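Chemist: Here is my input; please provide its structure:
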Amino acid sequence: MRRAKFRLIAFLTLLLGISTSGKLVAAEAFRIETKIFVGDAKDKKLEPVSKTTTLFKDGIVYDFLESPEQTAVFRKPIGDKPGRFILLNDKDRMQTEVTTEKLAGTMKKLRNWASGQKDPFLKFAANPRFDETFDRNTGKLVLTSPLETYTVETSPATQHQDSMTEYHEFLDWYTKLNTLLTSPVPPDPRLKLNDTLVRHRVVPTKVELKRAGEEPVRAEHDFTWRLSQDDLQRIEDVQSGLTAFRQVDNKEFLQMSQPVMPAK
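Modeler: Got it, this is the predicted structure:
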């Protein structure tokens with residue numbers, strides 16, 4: 001849940017792998033608009049530090065960052081075949097990818113490393129424990145610890161469970177990718193929140209993270225259970241890019257690009 005503007009250098013040193021698996025789930029097409037704010041939520045003049053539109057269609061997720069303009073595509077793991085993120089550089093017409101297999105291995109190593117550190121927050125992040133409260137009537141979920149607290153406004157998703165399976169799987173892998181590109185802190189606190197949302201069968205509409213010594217960060221999510229013609233055109237444009245853009249390794253992509261992975 002941090003504002004992130006870090007390079008892909010982590011790819012060059014941390015990409016190791018273990019096997020993962022998953023299954024294809026048929027679901028409706030839908031979209032999520034996300035705005036990220038940093039600072040006091042009471043500040044009415046606060047402007048979002050990032051805006052993204054995330055489109056789900058036919059088991060593939062298309063994530064569009066508004067500024068700087070950037071696109072990421074996620075294909076989920078299916079059976080023994082790992083999933084993958086594809087990052088696109090429209091300006092230089094190139095793409096690079098990282099598999100979920102490699103992401104899983106990196107997170108395991110990061111978690112093991114953090115658990116052996118003296119820093120209290122690193123040790124917490126490797127094995128986070130929260131006190132949880134959830135009000136089914138209001139949809140308010142709170143995960144509290146001495147080091148950080150999540151306060152979440154939620155909405156029930158009982159009529160969209162197949163879609164929520166896709167959403168939560170993407171969110172877990174995106175959280176790990178965000179970690180890879182932003183900081184040497186395990187993603188487990190956010191993954192714990194993701195698991196809690198699944199257990200209560202809700203989706204987050206607003207997520208606020210308060211961490212000791214840092215400004216609060218807030219993500220606002222707007223779910224729409226259909227895609228517009230403009231959305232479908234954006235997907236078609238990306239698919240054309242996936243066919244036309246040259247595939248490069250992470251090192252070359254890094255030399256030409258400075259990708260940004262905003263929090264979700």
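Chemist: all contacts plus neighbour counts: C-alpha atoms, from now on.
Modeler: Fine.
Chemist: got a list of what residue 66 touches?
Modeler: 50, 51, 52, 53 (C-alpha atoms under 8 Å, 6 or more residues apart in numbering).
Chemist: Count the neighbours of the nearest residue to the first one once chain neighbours are set aside for me.
Modeler: Just to be clear, that refers to residue 50. The shortest distance from residue 50 to any non-neighbouring residue, by C-alpha to C-alpha, 6 or more residues apart in numbering, is to residue 36 (5.3 Å). Other residues near residue 36 come to 24 when the count uses other C-alpha atoms under 10 Å.
Chemist: So residue 36: helix, strand or coil?
Modeler: Under DSSP: H, G, I helix; E, B strand; the rest coil, the three-state class of residue 36 is strand.
Chemist: Kindly indicate which of the contacts of residue 66 lies nearest residue 210.
Modeler: Nearest to residue 210, judged by C-alpha to C-alpha, of the contacts of residue 66 is residue 50 at 18.3 Å.
Chemist: low-scoring pLDDT stretches of the stretch 151-264 of the chain, where are they?
Modeler: 254, 258-259 (pLDDT under 70).
Chemist: Using PDB, write out every CA atom in stretch 183-191.
Modeler: C-alpha atoms of stretch 183-191 as PDB (Å, rounded to 0.1, in the frame of the first residue of the first chain):
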ATOM      1  CA  SER A 183      10.900  -2.400  -1.100                       C
ATOM      2  CA  PRO A 184      12.700  -5.300   0.700                       C
ATOM      3  CA  VAL A 185       9.700  -5.800   3.000                       C
ATOM      4  CA  PRO A 186       7.600  -9.000   2.700                       C
ATOM      5  CA  PRO A 187       4.100  -8.500   1.400                       C
ATOM      6  CA  ASP A 188       2.500 -10.700   4.000                       C
ATOM      7  CA  PRO A 189       0.600  -7.900   6.000                       C
ATOM      8  CA  ARG A 190      -1.300  -7.000   2.800                       C
ATOM      9  CA  LEU A 191      -1.700 -10.700   1.800                       C
END
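Chemist: Switch the contacts of residue 66 over to CSV; also include distance to residue 73 and pLDDT.
Modeler: Output for the contacts of residue 66, formatted as CSV (distance: C-alpha to C-alpha, whole Å; pLDDT from 0 to 100):
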residue, distance to residue 73, pLDDT
50, 18, 92
51, 16, 94
52, 13, 95
53, 12, 97
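Chemist: I'm done for today, thanks for sticking with me.
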